[in-house]
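**Q** Sequence first, then the predicted structure, then my questions.
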Amino acid sequence: MQNNPNTTLVTPTAPIANNTHGGRAKCLQRLVRLDLPVPRTVALSFEAVQNIARGQLPDIAAIVSQFPEDALLCVRPSSEDPDWGGPGAVLNIGMNDTRFQALVAELGAEAASSVYTRFVQSFAVDVARLDPDMFDDVAQDGQQALQDSLRAYEIEMEEPFPKDPGEQLAAVLKSMARAWDGTSARLLRQAKGAPADAGLGLVVQQMALGVGLGECGSGVLQLVDSDTGLPQITGRYLSQSQGRDAVEGDSSALYLGRDPRGPSLEDLVPDAFAELQEHAALMRIKLRAEMQLEFAVDNGKVHILDGVRVPRSSRAAVRIAVRLAQDGVISRAEALMRVEPRTLTELLHRQVRTNAVRDVIGSGIAASPGAATGAIVFTATEAQASAARGDPCILVRRETAPEDIRGMHAAQGVLTERGGITSHAAVIGRGIGLPCVVGATDMRFHRRRKELVASDGRVFSAGDIITVDGTNGQVLAGAPEMREAALDESFQTLMEWADELRDIEIRANADTPADAQTARNFQAEGIGLCRTEHMFFEPGRLTVMREMIFAESSQDRRAVLERLLPMQRADFTQLFRIMEGKPVCIRLFDPPLHEFLPTDRAGQRELADALDLPLSDVTRRIDAMMEYNPMLGLRGVRLGITVPEIYEMQARAIFEATLDASADGDPVVPEIMIPLVSAKREVELVKASIDTVASAVRLEKGQDFNYRLGVMVETPRAAIRAADIAPHCAFLSFGTNDLTQMTYGLSRDDAGRFMSDYVRQGVFPEDPFHTLDIDGVGELLQIGAQRGRAAQPDITLSICGEHGGNPESIEFCRNAGFNYVSCSPFRVPVARLAAAQLAI
Ligand code: PEP
Ligand code: MG
C-alpha cells in the first residue's frame, strides 16, 4: 500500500499534503513526525474518496491489513480546510459478535456492550441512514441495549447487522464519500468559502477505546483560553467515553484544571495529564500554532487522536498570534497574516457573547457593528430624556434624519425600518461607533401607537428592552449576555507591527471633536473627510441655520452666517488641535438646504414662532424648496455657487481656525474639499471665491498660512473629466457613496428595500454600497486617477466613501496608486491591518 498514494499509511515520509489528503491527514502526519503516541492511521486521498463515491472501492483488505487483527477502527473526514466540515466520524468499526466476546473477556461486559451498541447505532443512522428515533425505546445501557439495538436494526433493514469488518469499513467509506457530495453539505461548505470542487479525504485510524479497565476516557486539551487567548490549560475529560463525548451533548465531563465537581484527569492520572501538556507545548512550537489535542486514555496510557487549531474568539486570535510572534514561534508578518482584519471590529465594540441565548425578533442590514441593549424609544427627544435619566435606550425610527442626531448620540443603539448601508443612520452610526441595524423590513414600526411588531408577530412597546446586534443585523428581545470591547496590549502591539509594514496611509472620516479623538486613539494619520453639515445640527445652531435659509437677501444671509462663523471656527480649531498638525480635510457644505427644515406641522409652527413669520409663509417657503430628487438637486458645489455666502463663511472659519490653532500648536495646513463637482468651471468659481477669502484673512490678521484645495469625485462626469479638474486642485478624493449611487442610478436611501432580493438572485454579487463595485465604479476610479495624475503628477489621490475601510477596496486603491484611504474611525484598525497584509 505504501506505493499507492491514494491509500497511504501515515508515516513521517508518506506523500501526504493538505491539498491531496486534507488537513486532518496532514496534521496527523506532523504529529507522527513529532513521535507523539498517535494510533496507526491510513489516509485516503481526495481522489480515492471521489472514486469511492463513484462506486470504485479501494482495496479494503489491504487497508484492514495495515492494522492489528483484532483492532477496531474509526473513520474521520479530512477536508482541505477543517472549517469546511465533513461527515461525522464513525467509531468502533470492526465490532461483531466474535470481537464482542473477546472484549468482554478483556474489559468486562459493560465496556464491551457500550462499544458495540455505539457502533450499531451509529452505523444504522450514519451509514444505513435509518431514523435515529428507532432507538428511542431501547434500554439505556448494558447487554440489553446491545440486543435491542441489533434487533431494531434487523427489523428495519430486514437483514442481520453486517459482521464482516471489511464489509463494515467499505460501507462506512461509501456513505461518508457520498455524504460529501450531498447538496446540503455542498451548500454548507460553499457558504464557508470552499470551492465547488473541494475534495474530501478520509482517515482510517486504529481506535484507542477510551472505555475499559483502569482509568480510561477521552477528552480535549489546549494551553490557552479560547475566549481570552490567555495562557491557561483548558479542556474537558470524561471517564469511560469515546470520540468527542467529553465536549458534545449534555456531557458531565469535568473541566481540566481542578473541577470542584469531582476528580478530573489531573487527579486521576497525573502522569498522563503532564504528558498531554508536554505534547501540547511541543505541538505549539513545531506546528507553529495553538492546538487543541483530542486524546484518549486507555488504562492510564495516553493516545493523541487528532490536533486542531484552537477554536478562538476574535480577541483570542489577536492575543494568540501576538504571543506566538513574541515567543519567536512565528514572524511578526505571519502574526499579522493570521488575524482576519474584519474580525477586529468585534474587538472594538461590545458584542453579544458567542454562546448567549438569542431571542431573535427581526433582522436587517448590519449597518454599524457592536451590540447594545436598552429600552425602546421612538423619538430623538425621548432618547435624550432617557439618557438624561441615565437609562440606556434604543432609538427606533422608520429612518433617521439629520435632526435625529442628538437622539442618536443619546441612544445606545439605533434600529430603522428603512435605509441601506449608506443611509443616514448607518453613516452616523459607524462614525460614532453606535451599533445600528437598518432596513429591518421584516418588523413593523408603529410610531404613533409606539409599538414595534416583531417578525413573529410579538408586539413590543416603548420601554420594552431589546438588543440591536449591528454586527450581524439581528434584533433580539431582552438583554443577552455581552462581551466587552477589548483593546488590550496585544491589540496595540499588532497594530504597531501593522504600521511598520503598510505602505498606504489611513485617515478617518470624522465630523466632530469626539470623532476626531476616536480617530486619534486609533492612530488615524489625519482626517480624510469632515462632513461640516453635521456641525449645524448642534442645539442652538439649527435655528440659526434655518434663519439663514429663510433669509430674503444675500445681505441678510451674510448677517446670519456671521453668527454661525464663530461656532464653525471653534469646531475647526478644536479639530485642528486634536489632530496635532496631522492633515484635516474639510468638506464644504453638501446637503440640500431643506434637510434642515422641519417636516411636520408642529415643527413648522415652532419655526414660524422662532422666525416671527406667519405659518403660511414658512410652509410656502418649505414647499418651494422641496425637490423631486434631492440627491441630484441643489446640493454640494451647486449650492456653493448659487448661495456663495455659505462657502465664504466656512472658508473664513477654516482660515481663522488655522491661525488660532497654529498659534499655540503644530502648524496647520487645512485641506478644503468641494463636494459633488461635475464641471471644471465649478471648481474655478469656488476656488476664486476661497482664494479671495484667504487673501482677506491674511490681510486682516497680518499673518500668512497655506491651504490645499481639492475636489471630491462623486459624479461619473468628474471622474471622466478628471484631466480638466485636476490642474485646479491639490487632491482628488473619491466619494464612492455618491459615485456608486450615480453610476448605478440607484438611490442610496431606497436601495435597501430591494437590495437583499437583488443579491439573493445574483443580480449584484454584493450590495455595491457596501463592497466597492470594482468592475463599474472601480473603472471610473481608475479613469479618474489616471487622468487626474496625468494632468497633475503631484496630485494626492484618496477614497473617502464608506468603502474606504473595506480590505478589498484598500487593495484596489493601493494598486491604483492612491495615497490614502479614509474610513469611519472605528474601521481604522481594520484598515491598518488590511493594508499591512497587502504589503507582506
Ligand atoms: C460620498 O459620497 O462617498 C461621500 C463620502 O459623501 P457623503 O456620504 O457625505 O455623500
Ligand atoms: Mg457624497
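**A** Noted; the coordinates are in hand. Ligands and ions are numbered 1, 2, ... in the order given.

**Q** Chain neighbours aside, what residue packs nearest to residue 580?
**A** residue 666 (5.3 Å; C-beta to C-beta, 6 or more residues apart in numbering). Every C-beta, even on glycine, is put in place using the N, C-alpha and C of the backbone.

**Q** show me where pLDDT drops low in the stretch 101-250 of the chain?
**A** Within the stretch 101-250 of the chain, the stretches with pLDDT under 70 are 249-250.

**Q** which residues in it form helices?
**A** 109-122, 142-157, 165-181, 183-191 (DSSP state H, counting those that start in this stretch).

**Q** Neighbours of residue 814, how many?
**A** 18 (other C-beta atoms under 10 Å).

**Q** how much space is there between it and ligand 2?
**A** Note on residue 814: its distance to ligand 2, by C-beta to the ion, to the nearest Å, is 22 Å.

**Q** Could you do residue 689 as well?
**A** According to C-beta to the ion, residue 689 stands 21 Å off from ligand 2.

**Q** didn't residue 832 look like it was pressed against residue 501?
**A** No - Residue 832 lies out of contact with residue 501 (C-beta atoms under 8 Å); the separation is 9.8 Å.

**Q** tell me, what's touching these two both at once?
**A** Common neighbours of residue 832 and residue 501, using C-beta atoms under 8 Å, 6 or more residues apart in numbering, do not exist here.

**Q** okay, those two: which has more neighbours?
**A** Neighbour totals were compared for residue 832 and residue 501, and residue 832 leads with 29 against 17 (other C-beta under 10 Å).

**Q** ok so, going back, any idea of the pLDDT on the residue nearest to residue 580?
**A** Reported pLDDT at residue 666 in the predicted model: 88.

**Q** Domain map for this structure?
**A** Domain assignment for the chain by automatic domain parsing gives 7-206, 217-312, 350-483, 502-534+564-589+645-839.

**Q** hmm, back to that, closest to residue 423 out of the helices of the stretch 101-250 of the chain?
**A** When these are compared by C-beta to C-beta, helix 183-191 sits nearest residue 423, at 27.0 Å.

**Q** Point to the helix or strand of the protein where mean pLDDT is at its lowest.
**A** None of the helices or strands of the chain scores lower by mean pLDDT, DSSP states H and E than strand 254-255, at a mean of 80.

**Q** That one pairs with which strands, parallel or anti?
**A** Take DSSP bridges as the rule and strand 254-255 pairs in its sheet with strand 231-239 (antiparallel).

**Q** Now do the partner strand: everything it contacts.
**A** 215-226, 245-247, 251-257, 264-265, 268, 277, 292, 297, 323.

**Q** Stretch 349-357 too?
**A** 313, 358, 369-372, 433, 435, 467, 469-471, 476, 480-485, 826.

**Q** Now do the lengthiest helix in the chain, average pLDDT.
**A** Determined from DSSP state H, the single longest helix within the chain is helix 554-579. Across helix 554-579, pLDDT averages out at 95.

**Q** Beyond that helix, next helix or strand please.
**A** Moving toward the C-terminus from helix 554-579, the next helix or strand (DSSP states H and E) is strand 584-587.

**Q** Which element is encountered next along the chain beyond that following strand?
**A** Next along the chain after strand 584-587, taking DSSP H and E as the criterion, comes helix 601-611.

**Q** Now that next one: buried residues?
**A** 604, 607-608, 611 (16 or more other C-beta atoms under 10 Å).

**Q** Mean confidence (pLDDT) on whichever helix or strand comes after it, please.
**A** Sequence order places helix 615-625 as the next helix or strand after helix 601-611, per DSSP H and E. What helix 615-625 shows for mean pLDDT is 93.

**Q** what do you get for stretch 771-779?
**A** In this model, stretch 771-779 carries a mean pLDDT of 96.

**Q** With stretch 41-61 instead?
**A** 95.

**Q** Contacts for that stretch next, please.
**A** 1, 4-10, 14, 16, 20-22, 25, 28-29, 32, 63, 66, 78, 166, 169-170, 173-174, 176-178, 180-181, 199-206.

**Q** Please apply the same query to stretch 136-143.
**A** With C-beta under 8 Å, 6+ apart as the test, stretch 136-143 has contacts from 109-110, 113-114, 144-145, 148-149, 152.

**Q** Tell me which residues of it come out buried.
**A** Under 16+ other C-beta under 10 Å, the buried positions of stretch 136-143 are 138, 143.

**Q** Could you export that stretch as PDB, CA atoms only?
**A** In PDB, the C-alpha atoms belonging to stretch 136-143 read as follows (Å, rounded to 0.1, in the frame of the first residue of the first chain):
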ATOM      1  CA  ASP A 136     -35.700   5.600  21.400                       C
ATOM      2  CA  ASP A 137     -37.100   2.600  23.200                       C
ATOM      3  CA  VAL A 138     -34.000   0.500  23.600                       C
ATOM      4  CA  ALA A 139     -32.500   0.100  27.100                       C
ATOM      5  CA  GLN A 140     -30.100   2.700  28.200                       C
ATOM      6  CA  ASP A 141     -27.000   0.600  29.000                       C
ATOM      7  CA  GLY A 142     -25.600  -2.900  29.100                       C
ATOM      8  CA  GLN A 143     -26.200  -6.000  27.200                       C
END
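
**Q** Distance from the chain centre to it, please.
**A** How far stretch 136-143 lies from its chain's middle: 46 Å, per C-alpha atoms, centre = their mean, to the nearest Å.
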